[in-house]
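In: structure here, sequence nowhere to be found:
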C-alpha cells in the first residue's frame, strides 16, 4: 500500500492501480494444458484501456502496463531461525513469475521490489544481471544504514 502511494505521488492515478490482481480468473481465456496467469501483487492498468477492452481475451491480447512483486527480506535469520537463502529463493520465484508475464506479453514492464532489513548478501550486480537475463527490474531497498 505504501508503494502504491509513492506511485500516486509520481503521477499514476489511484484508479489505475490494482492490488493483488488475479488476471487468470477473468481477464484471459483458459488455454488447455497451460497454467492460468498467477496473482500479481500490484498492477498498473490505465482505466481507459481497461474500459475499452473486450475481456476475456487471449493471453497477450491485453498487456498490463506494469506488474510489481514485493518481498520483505527480514532479519529473522540473524536471530537463530531460518536462513537468508529462504528470501533469496522467494525473490527468484518473483523474478521468474514477472519474467513470465513479460515473455508471454501479459505485461509491458515488470518489477520486483525487495525491502531488506539487513544485508542479505546480494551481489552488487544482482539487479543488472536480472535485467539482462530476464528483462525484470529489481529494486533493493535497504532499511538499515
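Out: In hand now; what should we look at? Not measured: the values here are computed from a predicted model.
In: what is the mean pLDDT for stretch 129-145?
Out: If you average the pLDDT over stretch 129-145, you get 90.
In: an error on my part: the question was meant for stretch 50-60.
Out: 88.
In: please begin residue numbering at 4 from this point
Out: Sure, I'll start numbering at 4, so the last one becomes stretch 53-63.
In: what's next to that stretch, contact-wise?
Out: With contact meaning Cβ atoms under 8 Å, 6 or more residues apart in numbering, stretch 53-63 is reached by 29-32, 34, 37, 40, 65, 107-109. All C-beta atoms are positioned from the backbone trio N, CA, C, and that covers glycine.
In: now do the buried residues in that stretch.
Out: Buried residues in stretch 53-63, counted by 16 or more other Cβ atoms under 10 Å: 59, 62.
In: and what of stretch 131-140?
Out: Applying 16+ other Cβ under 10 Å to stretch 131-140 flags 133, 137, 139-140 as buried.
In: could you identify the most distant pair in the residues you listed?
Out: The widest separation within the buried residues of stretch 131-140, taken as Cβ to Cβ, falls between 137 and 140 and amounts to 9.6 Å.
In: now tabulate the buried residues of stretch 131-140 in a markdown table and tack on secondary structure.
Out: Compiled in a markdown table, these are given as follows (DSSP: H, G, I helix; E, B strand; the rest coil):
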| residue | secondary structure |
| --- | --- |
| 133 | helix |
| 137 | helix |
| 139 | coil |
| 140 | strand |
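In: distance to residue 73 added to these, as CSV?
Out: Output for those, formatted as CSV (distance: Cβ to Cβ, whole Å):
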residue, distance to residue 73
133, 15
137, 17
139, 13
140, 13
